[in-house]
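*Asks:* take this sequence and fold it.
(3 chains)
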Amino acid sequence: MTARKPSTVAEIAQLVGAELVGDGRRAIRGPASLQEAGPDEISFLANPRYAPQLATTRAAAVVVSRGEASAREGLALLRVDDPNRAFTRIVEAFAAPSTARSPGIHPTATVHAGARVAPGASIGAGCVVEDGADIADGVVLDALVYVGRGARIGAGTRAHPGVVIGDDVRVGARCILHAGCVLGSDGYGFEPAPDFKRDGWLKIPQCGTVVVEDDVEIGANTTIDRARFGATRIGAGAKLDNLVHVAHNVVVEPRVLLVAQVGIAGSSRIGAASILAGQVGIAGHVTLAPGVRVGAQSGVNHDLAPGDYFGSPARPLRESARDQSPGKRIQALRERVAALEAKVAALTRGETGS
Amino acid sequence: MTARKPSTVAEIAQLVGAELVGDGRRAIRGPASLQEAGPDEISFLANPRYAPQLATTRAAAVVVSRGEASAREGLALLRVDDPNRAFTRIVEAFAAPSTARSPGIHPTATVHAGARVAPGASIGAGCVVEDGADIADGVVLDALVYVGRGARIGAGTRAHPGVVIGDDVRVGARCILHAGCVLGSDGYGFEPAPDFKRDGWLKIPQCGTVVVEDDVEIGANTTIDRARFGATRIGAGAKLDNLVHVAHNVVVEPRVLLVAQVGIAGSSRIGAASILAGQVGIAGHVTLAPGVRVGAQSGVNHDLAPGDYFGSPARPLRESARDQSPGKRIQALRERVAALEAKVAALTRGETGS
Amino acid sequence: MTARKPSTVAEIAQLVGAELVGDGRRAIRGPASLQEAGPDEISFLANPRYAPQLATTRAAAVVVSRGEASAREGLALLRVDDPNRAFTRIVEAFAAPSTARSPGIHPTATVHAGARVAPGASIGAGCVVEDGADIADGVVLDALVYVGRGARIGAGTRAHPGVVIGDDVRVGARCILHAGCVLGSDGYGFEPAPDFKRDGWLKIPQCGTVVVEDDVEIGANTTIDRARFGATRIGAGAKLDNLVHVAHNVVVEPRVLLVAQVGIAGSSRIGAASILAGQVGIAGHVTLAPGVRVGAQSGVNHDLAPGDYFGSPARPLRESARDQSPGKRIQALRERVAALEAKVAALTRGETGS
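*Replies:* Below is the predicted model of the structure:
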């Protein structure tokens, strides 16, 4: 994005439109955290939790918010409105130039004659693309990626190594599929055989597919099952972290965030722009309204109206509940009961009055 | 299974032996959910939760149970004993014809000269089969599947792309291994070195294997570790969902269901036909009786007799407990304590009698 | 390690320096658990939980601790200081000879001309090694392993099938990377676009890398994200189980154990030799002191001093807490409240005295 890397504190200040306090001439090699930065690196302070590290960092300069106090000797400050966003620009400026994959099909890739691969797509080493697959311009399949029969991948989408895209799965444009994620494994559906002891579970056919809309990011080793019929759907702009599980016929609406290790059971719907924190579990056949936020490790087994939730089973998160764990509430009750017991004992002995 | 797809409501009714109420002549293009169906699709109602959608669905026809009320204008009903099972037959009838893999070894596969591959097996693009592996008739290795030294795979088993079957692992007949699952990674076993600060953890050798019996299904990116010695065992007809972890020396007895993201620690035994819901954790060295059912996100750290369990740690599930979360029980107690406090205050002031 | 397999009870006793009580002449075919052993196998008793099986095992001999009572008819005892460690030596003695991979690059592997592969390294079938990668002597890439641009792998490290090592990731010496693990997927970082409804989440660039130090073991399908800048770090001698998630900028200090399905959110630090049991979740930006131990399924959302913790949110584990679940404590309180209610009712009716 930038023509060349900035090389001094002053150049960086100019890049992000910062008010510079301190020595702008020092050379900067790159970005680092407050704790790890050396004297030729720049850092940032966005989370107040790390404010004490301003006093001890060895960084040459730190990006801070407008209100931050003056610099100490030897530490330049770059004051900006949004330190997080400014630092992102700095990190990008120092990042290694993106080594774009050149278009074309690697000689070790296996592309079926019945597949359509746009001339601007890049199919890496060891990839396998089956009959009827349709791969648009600008798609990059890194290496060892599998694309099943009739699957379609939209323009500009990138699949990292080891991704598996099953038969008939549709992936939109500009998606990022991280290594090892699986789109289109069978949904998990069984019914007991009439003679269960002998025949066990009968498989319910999973004849649907997975539809991933545009601008979706899917984390490493995440799994998304195909629908029993119709489609499991990941809405535009949704971002899924690693090791997430999305069962058959789930609908994840646009711009939802699913943090690592979340699991969503079959046929549930997650409303637009909802955020499920790490390790949350959602039961089957429930609907979360748009904008719901669920705290880490919570379990949801019924529909949720808009709002914030926490716990297993998840309940509305109020300030009081946030401060009071079940343990604390039990302890408070215990103290009240002990006080009552003392008073009742006194009353029982015939003592009244204060 | 069916010679040709049914094309009208009446033909579908005949296929599943339904009592048809309404117009049987309408053309049907395929199955869909009540909410998503269009006027040329058929849907079903099995879960009473969705009954209100009968009034609003755009479907041409709906498969319902015998007791369901009469059809409204423009909506045909197909009354059957088991709507779920009938709809499964309909879904199958409309499914794309299964594109069977043709037998043989893809030219890009690497099959060791010391491996035995039955003539009816299909080894897909990019697969790697090591020395001494034994692959029976009707096995399908989709693509990019790895089969280790001396591993054996029974007739009719299918491994989806990216599956890893480790050295000496045995997989039975008619199994389905979904993409990215790993059978035979090392068990997780370490002991502290005599000089721990210097040498840390010493690896305990994991010399056993994994045995997967017949008719097992294993979900995408699920991992099953090899035993320290002997075998980690998945019993006949067990069905494992995605992202499940089974540690070394675990025994999963026949017809067990392990839902997504379940984790089972070492040497535990899960009794036949038990069902562990999503995200359940089982500690090491515990035994679950046959037929145990454990609710989602529960944690089990001791042996369980037959029955239903919930919570972390898991306790027997009774009706009362189901309705009373810890939070609700604490709240009820709080109200009783507040009432007592008021009464005791009154008594302390010398008031008695009603 | 041993020149040949021992073949009798006496030879095994000699191998592990055991005091032999009983018949040393019986032939031994291999090791097995107490429950599964047959009359030509040897077992061990380390966990007192299994002591009753001494009376019923069909094993020819059992390795026990020094204090164990005398053998019964037909069962030899091998008394040692540490049955677990002695049995490990026996398991190793009987293990199949390790079939070392021969050095060299398999003809089906794709190794970029700009990669450096030491002559003693073994690059298996279907592997892909990108430009600038550096692979040291003794490294074994099993098959279908991906090594990104500029990634470095230290001497003696083994990557099982399907491992993905991203661009610029550094892996130390003597590491074991189990099948399907992913090192260097993007960290999960997004910020809302100024026009969120239209543009949704903007990706925060993840320009850092992953550093895995020496002697680390990483489980199957585990994922470790690259840092936003700098490095996500796994310290020397740390051991990660299967399906673990480590987010961007996390520091796992040396000799830490992360059991299966643990998840650690961004920028947290896990102190040296800490142990996180299965399914534990750690929030972002928290620091665990060295030597912390956290019980299974616990959730940690603040810094932890050295000690043992349990629960969600995790609290110090004391003996009392271990015995008293919230349910038990609520029940105890309930009984106290009911007793109070009876007494207050009596007092309210005007009764006093005992």
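
*Asks:* in the stretch 201-350 of chain A, which spans are helices?
*Replies:* Under the criterion DSSP state H, counting those that start in this stretch, helices of the stretch 201-350 of chain A are mapped to A:319-323, A:326-348.

*Asks:* flag every residue of the stretch 101-250 of chain A that's near chain C.
*Replies:* Where the stretch 101-250 of chain A comes near chain C, counting by Cβ under 8 Å from any Cβ of the partner chain, the residues are A:106, A:108, A:124-126, A:142-144, A:160-162, A:176, A:178-180, A:215, A:217, A:219-221, A:236-237, A:239, A:241-243. All C-beta atoms are positioned from the backbone trio N, CA, C, and that covers glycine.

*Asks:* okay, now the closest residue to residue A:312 other than its chain neighbours: neighbour count?
*Replies:* The shortest distance from residue A:312 to any residue that is not its chain neighbour, by Cβ to Cβ, 6 or more residues apart in numbering or on different chains, is 3.6 Å, and that residue is residue A:299. Neighbours of residue A:299 under the rule other Cβ atoms under 10 Å in any protein chain shown: 22.

*Asks:* how close does residue A:299 sit to residue A:315?
*Replies:* Computed as Cβ to Cβ, to the nearest Å, the residue A:299 to residue A:315 distance reads 11 Å.

*Asks:* what do you get for residue A:12?
*Replies:* Residue A:12 sits 47 Å away from residue A:315, taking Cβ to Cβ as the criterion.

*Asks:* same question for residue A:185.
*Replies:* For residue A:185, the distance to residue A:315 under the criterion Cβ to Cβ works out to 33 Å.

*Asks:* higher neighbour count, these two?
*Replies:* The residue with the greater number of neighbours, taking residue A:185 and residue A:315 and applying other Cβ under 10 Å, is residue A:185; the counts read 26 against 14.

*Asks:* who are the neighbours in contact with residue A:288?
*Replies:* A:268, A:269, A:270, A:271, A:274, A:282, A:294, A:300, A:303, A:304 (Cβ atoms under 8 Å, 6 or more residues apart in numbering or on different chains).

*Asks:* let's see it at 7 Å
*Replies:* In this structure, residue A:288 makes contact with A:269, A:270, A:271, A:274, A:304, judged by Cβ atoms under 7 Å, 6 or more residues apart in numbering or on different chains.

*Asks:* what does residue A:29 give?
*Replies:* Under the criterion of Cβ under 7 Å, 6+ apart, the contact list for residue A:29 reads A:40, A:41.

*Asks:* quick check: end-to-end length of stretch A:271-288?
*Replies:* Between the start and the finish of stretch A:271-288 there is a gap of 5 Å, counting by Cα to Cα, to the nearest Å.

*Asks:* chain center to it: distance?
*Replies:* On the basis of Cα atoms, centre = their mean, to the nearest Å, stretch A:271-288 is displaced by 13 Å from the centre of the chain it belongs to.

*Asks:* on the strand side of things, show who residue A:20 bridges to.
*Replies:* Going by DSSP bridges, residue A:20 is paired in beta bridges with residue A:78.

*Asks:* that one reaches residue A:11, doesn't it?
*Replies:* No: with contact taken as Cβ atoms under 7 Å, residue A:20 and residue A:11 are classed as non-touching, separated by 10.3 Å.

*Asks:* what bits of the stretch 251-354 of chain A have low per-residue confidence?
*Replies:* A:319-327, A:351-354 (pLDDT under 70).

*Asks:* 90 - rerun?
*Replies:* A:311-313, A:317-354 (pLDDT under 90).

*Asks:* near chain C, which residues of it are found?
*Replies:* By the criterion of Cβ under 7 Å from any Cβ of the partner chain, the positions of the stretch 251-354 of chain A lying close to chain C are A:254-255, A:259-261, A:278-279, A:296-297, A:325-327, A:330, A:333-334, A:337, A:340-341, A:344, A:347-348, A:350.

*Asks:* pull out the buried residues from these.
*Replies:* Buried members of these, counted by 16 or more other Cβ atoms under 10 Å in any protein chain shown: A:254-255, A:259-261, A:278-279, A:296-297, A:325-327, A:330, A:333-334, A:337, A:340-341, A:344, A:347-348.

*Asks:* circling back: out of the residues of the stretch 251-354 of chain A next to chain C, who's near chain B?
*Replies:* Those of these which are also neighbours of chain B are A:326, A:330, A:333, A:337, A:340, A:344, A:347, as judged by Cβ under 7 Å from any Cβ.

*Asks:* which pair in those residues spans the largest distance?
*Replies:* Taking every pair in those and measuring Cβ to Cβ, the maximum separation is 30.9 Å, between A:326 and A:347.

*Asks:* pull the number of nearby residues for the residue nearest to residue A:66 when sequence neighbours are not counted.
*Replies:* Counting by Cβ to Cβ, 6+ apart, residue A:66 lies nearest to residue A:79, which is 5.2 Å off, once chain neighbours are set aside. When neighbours are defined as other Cβ under 10 Å, residue A:79 has 19 of them.

*Asks:* next: residue A:215.
*Replies:* 24.

*Asks:* again, but for residue A:268
*Replies:* Residues near residue A:268, counting by other Cβ under 10 Å, number 21.

*Asks:* related to what we said a few turns ago, from residue A:266, how far out is the residue nearest to residue A:312?
*Replies:* On the measure of Cβ to Cβ, residue A:299 and residue A:266 end up 16 Å apart.

*Asks:* spatially central residue for chain A, please.
*Replies:* Nearest to the centroid of the C-alpha atoms of chain A, with distances taken as Cα atoms, centre = their mean, sits residue A:241, at 3.5 Å.
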